[in-house]
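Sequence and predicted structure are below.
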Amino acid sequence: MTANVEERIALSQNRHLESWLYPVNVALAKMVPLSLAYHISLPIADAFYWLWTSKREGALRNYARMLGRSTDDERVQRLARSSFRNFGRYVVELLHVQGWSRNRVERVTTQGDEHFDEALRYGKGVIFTSAHMGSIEVASSLVLLKGFRITSVMEQLRPKVMMDWIVTCRAKMGVSLLPTAGTGLHLLRALRRGEMVALIVDVGYKDNGGVPVSFLGHRTYFPAGPARLARMSGAPIVFGVAVRRPGNRFIAYASPPIFSDRKKDAEQDICDVTQQLVDIFERFVRRYPDQWYVFRDMWPGEED
């Protein structure tokens, strides 16, 4: 009984934090220039690290498993706190920038542009996959400046005003955001028009739609959506991230395209493609661990 009461109190506290996270950051974006907003975001991120209990514990468990240490290990806690700070910087970019200009994006170092060109040559659209890492804002802006229209999916956020604002801003940039349920046909149609479909891969364990993979040395489940879409459409998958460097500069990476093999058994092919995608993502997590800001337990079935 006591545990249930504590869980309800924690949930209420988290929802309260979420309700004022949005207006605080919008006000911050309107009042100060981007460079100053980055600095101001640090103490705010530190506060949320301590106050947003469920998210902090999720990050700690993820880093503990990755490093093979306990959640109270000094390095684990340092990485988790740093990931909150990097998430704070990303939120500043999301609320302040709303799509980067060509002049600003041209100062981003890119590696792997040729992989996009290769994927495009097949004429079946491109499935662009990314993760909660670095700056999704910079990565999406780079793609949009290439002339793509993007169709993507997004889980419902709280508060609703934040969700509505993000959908509106993305639409102005050329990104159509759809709900997560029942959108498969819309995504297929976008690919058949030669457009780009963007999907986030590190969304955590789902009761359905996931396939077993090895991630950071542990068994878990990743969404099968990108692989299923690739098999149905024939479109290649490209994984990309824009990671933060000193001075709030960025390096944007794009992977060689991944292809479905229709000669294989369907479910085996989907598992193989998903594992290939996870292997690429894992290399970035190991290289830039504190820039990965997924705050839900990625291995909920495992004991700490």
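Perfect, thanks for sending it. Numbers count the residues shown, from 1 in each chain.

ok, so what distance separates Val224 from Glu267?
Let me fix one detail, which is that residue 224 is Ala and not Val. 9 Å (Cβ to Cβ, to the nearest Å). No exception for glycine: its C-beta is placed from N, CA and C like everyone else's.

Between these two, which is the more surrounded one?
Neighbours of Ala224 and Glu267, each counted by other Cβ atoms under 10 Å, are more numerous for Ala224; the result is 20 against 13.

Let's verify the residue lying closest to the more buried one once chain neighbours are set aside: helix, strand, or coil?
Nearest residue to Ala224 in three dimensions, chain neighbours excluded: Val211, at 4.7 Å (Cβ to Cβ, 6 or more residues apart in numbering). With DSSP: H, G, I helix; E, B strand; the rest coil as the basis, Val211 sits in strand.

Val211 against Tyr221, yeah?
Yes. Val211 lies in contact with Tyr221 (Cβ atoms under 8 Å); the separation is 6.5 Å.

Looking at those two, which has the bigger crowd around it?
Tyr221 (21 against 18).

my guess is that one contacts Val213, does it?
Yes. Assessed by Cβ under 8 Å, Tyr221 is found in contact with Val213 at 6.9 Å.

Now do the shared contacts for these two.
Counting by Cβ atoms under 8 Å, 6 or more residues apart in numbering, Tyr221 and Val213 have no contacts in common.

Which strands and helices lie in contact with the longest strand seen in the chain?
In the chain, with assignment by DSSP state E, the single longest strand is strand 237-245. Judged by 3 or more Cβ pairs under 8 Å, 6 or more residues apart in numbering; DSSP states H and E, the packing partners of strand 237-245 are helix 113-120, strand 126-130, helix 136-144, helix 225-233, strand 249-254, helix 266-287.

quick one: buried residues of the fifth one?
The one in question is strand 249-254. For strand 249-254, burial by neighbour count (16 or more other Cβ atoms under 10 Å) applies to 250-254.

if we look at it, which residues are touching it?
107-113, 115-116, 134-135, 138-139, 142, 238-245, 284.

tell me the domain ranges of the chain?
2-96, 102-291 (automatic domain parsing).

Can I get stretch 124-131 as CSV, trimmed to CA atoms?
What follows is stretch 124-131 as a C-alpha-only set of coordinates in CSV (Å, rounded to 0.1, in the frame of the first residue of the first chain):
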residue,chain,number,x,y,z
LYS,A,124,12.0,4.5,-53.5
GLY,A,125,12.3,7.2,-51.0
VAL,A,126,14.5,7.0,-47.9
ILE,A,127,13.8,5.8,-44.4
PHE,A,128,15.9,8.1,-42.2
THR,A,129,16.4,6.8,-38.7
SER,A,130,17.8,8.6,-35.7
ALA,A,131,17.8,8.5,-31.9
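
Name the residues that touch it?
116, 119-120, 136, 139, 143, 148, 150, 190-202, 226, 229-230, 233-241, 257, 277, 281, 284, 292, 294.

How far away from the center of its chain is stretch 196-206?
A distance of 7 Å separates the centroid of the chain from that of stretch 196-206, by Cα atoms, centre = their mean, to the nearest Å.

Ok, stretch 59-74 next?
The answer for stretch 59-74 is 20 Å, by Cα atoms, centre = their mean.

How about stretch 46-57?
19 Å.

what's the answer for stretch 50-64, then?
On Cα atoms, centre = their mean, the centre of stretch 50-64 falls 17 Å from the chain's centre.

tell me the pLDDT at the closest residue in space to Glu118 that isn't next to it in sequence?
Counting by Cβ to Cβ, 6+ apart, Pro257 is the residue found nearest to Glu118 once chain neighbours are left out, at 5.9 Å. In this prediction, Pro257 carries a pLDDT score of 97.

which residues touch Pro257?
Pro257 touches 115, 118-119, 126, 236-238, counting by Cβ under 8 Å, 6+ apart.

List just the nearest of these to Ala64.
Ile237 (30.0 Å; Cβ to Cβ).

what's across from Thr110 in the sheet?
Ala252 (DSSP bridges).

Quick check: it vs Ala252, distance?
Counting by Cβ to Cβ, the separation of Thr110 from Ala252 is 5 Å.

Overlap in contacts, those two.
Leu142.

From what I see, Ser233 and Leu188 are in contact.
Yes. Using Cβ under 8 Å as the test, Ser233 is close enough to Leu188 to be in contact (5.8 Å).

the more surrounded of these two?
Between Ser233 and Leu188, counted using other Cβ under 10 Å, the more crowded position is Ser233 (19 against 16).
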